[in-house]
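Asks: A predicted structure for the sequence below; I have some questions about it.
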Amino acid sequence: VIGKKYDVIVIIAPSHHDSFRGATIYPGRAYETPLGAAAIDVSLARELVDLCDQVHFSEYGHRAEHAIEVQVPFLQFIFPQTKIIPIVMGYVDWSACENIGRSLARVLENKSALIVASTDLYHGESYDDCVQLGDQTLAAIVALQPKNLYQGLQSGSSQACGGGPVVVMQIAAQQRGANATELLAKTNSNDVIGQKGGYVVGYGAVAVDRS
């Protein structure tokens, strides 16, 4: 990713605060961070909204949401001139995920694009469950079978607050020719601070691309 040039970066995140169906794109012109304004590709965003009836312009889902906000400074630092499309997903079933993913791929058809799905993994009080469920979830993501991943998220065999965004990212990526994955990193909050016990959150990073 580093060293490549992209026409646009799509950031897809779950809604932790607002409850709604489908997905929303922030209706403003930029996301503001301490590094400055990350401009939104309003034209491409409009194409996606016009194409997909599951996606709407709205501040709903963006007002207090951190899952996009935490990604933007890293992207600004690495790709300072690249515009973004910030998408927050509420409740979505498989049909909606497929619709959003396929529509996103169509909009990006002639673009060099990076799609970032923002998520944590396990949340809870058990370190052992965090490791086990984290491994299971990352294995399901690495398998690059979005429908199986969606079903695992529904059954609880996989756990990720941004599972829907990951599914949509994978659908869009496959539509664009992606056929390979790489597990880049995995850890959890207990291991990061060097202290086991208490509340623990799982983390991981997976790259999806063409082989």
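Replies: Received it, and whenever you're ready, just let me know what you need. Residues are numbered from 1 along each chain as shown.

Asks: Tell me if I am right that Ala45 is in a helix.
Replies: Yes. Counting by DSSP: H, G, I helix; E, B strand; the rest coil, Ala45 falls inside a helix.

Asks: got the contact list for it?
Replies: Ile25, Phe57, Ile85 (Cβ atoms under 8 Å, 6 or more residues apart in numbering). For every residue, glycine as well, the C-beta is placed using N, CA and C.

Asks: Need the nearest residue in space to the first one, chain neighbours excluded.
Replies: Once its chain neighbours are removed from consideration, Ile25 has its nearest residue in Ala45; the separation is 4.9 Å (Cβ to Cβ, 6 or more residues apart in numbering).

Asks: quick one: the strands in this structure?
Replies: Applying DSSP state E to the chain gives strands spanning 8-14, 23-25, 30-33, 36-39, 55-57, 83-89, 113-117, 123-124, 180-188, 200-209.

Asks: Reformat those as TSV; add mean pLDDT and distance to Phe77.
Replies: TSV is the format used below for the strands of the chain (pLDDT from 0 to 100; distance: least, Cβ to Cβ, whole Å):
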stretch	mean pLDDT	distance to Phe77
strand 8-14	98	12
strand 23-25	97	23
strand 30-33	94	10
strand 36-39	96	11
strand 55-57	97	27
strand 83-89	98	13
strand 113-117	98	14
strand 123-124	94	28
strand 180-188	97	18
strand 200-209	97	17
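
Asks: Brilliant, that's me finished.
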